[in-house]
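In: show me the folded form of this:
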Amino acid sequence: MKICEIFHSLQGEGLDTGLPMVFVRSVGCNLRCSWCDTKYAYGGGSEWSLDRLEKRISSYKCPRVCLTGGEPLLQPDAPELITLLLGKGYSVSVETNGSFPVRNIIALDKNGRLRISLDIKCPSSKMDDKMDIGNLAVLRQTDQVKFVLRDMKDYEHARAVIKAHPTKAAVIFQPVWGRRPDRFAEAVIKDGLDVRVMVQLHKVIWGEGTKGK
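Out: Purely as a prediction, here's the structure:
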């Protein structure tokens, strides 16, 4: 598997916000979101065997692993790594950009320890036409779907998507870093949406642009 970085930090987004986690960031992404904060993962990196990866992960003595990117589902051996980690007893989160089907990844979960963290891109990303919207129907209550919002056009898009494509997963509205969350929070309350409005905790703690955090 081609890896950009491996590090131990706190999860800064979604349902596991604040929990210690080992992050395995793969190289490469098929999308080019306008607000991407991990462009350094588009290329470079080095090849790691799955055994070597598991040994590095185990050195952190942490029960949770997040497979992220880039886009980890571009890696042919991502399912094998997920299966290996689940077999070792880890809780595994897979952060994916919403352009690949996730049904087969969900099928790897035999013990309820795999969480899919799926993005649905909004218009400001300029990648909203790349989404596999059918994923929303297969996500479970333990999964999550995230909409990154830059402006109210994005908010309206996200609201329309969740109305047209109901999902069992937790729904998260996350402002682009540097955008105030209050207008999105007020709109969620006004519209009576059953979603979470959340900011990126790791950037609150360590600031923007800190690799390995």
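
In: what residue is smack in the middle of the protein?
Out: Centroid-nearest residue in the chain, with C-alpha atoms, centre = their mean: residue 95, separated by 3.0 Å.

In: which SSE is it in?
Out: In this assignment (DSSP states H and E), residue 95 forms part of strand 91-96.

In: residues of whichever helix or strand comes after that strand that come out buried?
Out: Of the helices and strands lying after strand 91-96 in sequence (DSSP H and E), the nearest is helix 103-106. Buried residues in helix 103-106, counted by 16 or more other C-beta atoms under 10 Å: 105, 106. C-beta: built from backbone N, CA, C; applies to glycine.

In: I'd like the mean pLDDT over the longest helix along the chain, please.
Out: Longest helix of the chain, by residue count under DSSP state H: helix 152-164. The average pLDDT within helix 152-164 is 98.

In: neighbouring contacts of it?
Out: 120, 122-124, 128, 133, 136, 147-149, 171, 173, 183-184, 187, 191, 193, 195 (C-beta atoms under 8 Å, 6 or more residues apart in numbering).

In: so which other helices or strands are in contact with the lengthiest strand in the chain?
Out: The residue-count maximum for a strand in the chain (DSSP state E) belongs to strand 2-10. In terms of contacts (3 or more C-beta pairs under 8 Å, 6 or more residues apart in numbering; DSSP states H and E), strand 2-10 is packed against strand 20-26, strand 46-47, helix 50-58, helix 201-206.

In: now mean neighbour count too, for these, in CSV please.
Out: Shown next, in CSV, are the helices and strands packed on strand 2-10 (neighbours: other C-beta atoms under 10 Å):
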stretch, mean neighbour count
strand 20-26, 22
strand 46-47, 9
helix 50-58, 15
helix 201-206, 15
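
In: TSV for the ones you listed, including mean pLDDT?
Out: TSV is the format used below for the helices and strands packed on strand 2-10 (pLDDT from 0 to 100):
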stretch	mean pLDDT
strand 20-26	98
strand 46-47	96
helix 50-58	97
helix 201-206	90
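
In: of all these, which one is nearest residue 37?
Out: Set against residue 37 and scored by C-beta to C-beta, the helices and strands packed on strand 2-10 come closest in helix 201-206, at 8.4 Å.

In: and the closest one, how far from the chain's centre?
Out: Relative to its chain's centre, helix 201-206 lies at 16 Å (C-alpha atoms, centre = their mean, to the nearest Å).

In: low pLDDT regions in this structure?
Out: Applying pLDDT under 70 to the chain flags the ranges 209-213.

In: run the last query once more with 80
Out: Scanning the chain for pLDDT under 80 picks out the ranges 208-213.

In: most distant residue from the centre of the protein?
Out: Taking C-alpha atoms, centre = their mean, the residue of the chain most remote from its mean C-alpha position is residue 190, at 27.0 Å.

In: so it lies in a strand, does it not?
Out: No - using DSSP: H, G, I helix; E, B strand; the rest coil, the assignment for residue 190 is helix, not a strand.
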